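In: heads up, no residue letters with this:
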């Protein structure tokens, strides 16, 4: 599984600085913030892995399974059409839903996701996202949703999705 390093949806201008040696705790990711603590690295990784998950869901929903823990649970009506809780043991299972899901054209976070560190190797995020899908009749369909995701880090430093709850949001 790819590591979630160096990717960001941050559009702010990055500050110039002298590069640090590889592996140094003064390396910067995302918006140029010093990632000199485990907590700061976890917060940056959470935003980046969530971006990777949505990129996978837009490119090929089935490919998103590689980011999910074996015991992952979720509610995501954007892919299953239902607001029923899903796991690998439900009918339909998360795997079956993702195998048959139509990909979205793209996505956009509304601002930066809020992140809380649950433990040294676990984080949760909440945010608002808009998904885009090209219509067969022309035009673009937009759906805005709120999302909450929980991730845990494995001993191999990979982040795996444990739980996700997506709900349609009222348009502002």
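Out: That came through, no problem. Keep in mind that this is a model prediction, so the values were computed, not measured. Numbering: from 1, shown residues only.
In: Show me the shaky parts of this structure.
Out: Residues of the chain meeting the criterion pLDDT under 70: 1-33, 171-172.
In: Walking through it, point out its strands one by one.
Out: 28-29, 33-34, 68-75, 106-109, 114-119, 122-134, 140-153, 159-168 (DSSP state E).
In: what's near enough to touch residue 167?
Out: Contact partners of residue 167, counting by C-beta atoms under 8 Å, 6 or more residues apart in numbering, are 75, 77, 83, 145, 146, 147. To be clear about C-beta, it is placed using only N, CA and C from the backbone, and glycine gets the same treatment.
In: Could you check how far the first one is from residue 54?
Out: Residue 75 sits 16 Å away from residue 54, going by C-beta to C-beta, to the nearest Å.
In: Between the two, which is the more surrounded one?
Out: residue 54 (21 against 16; other C-beta atoms under 10 Å).
In: Contacts only, for the closest residue to that one other than its chain neighbours.
Out: Spatial nearest neighbour of residue 54, excluding adjacent residues (C-beta to C-beta, 6 or more residues apart in numbering): residue 107 at 4.8 Å. Residue 107 is in contact with 54, 55, 57, 58, 129, 130, 131, 132, counting by C-beta under 8 Å, 6+ apart.
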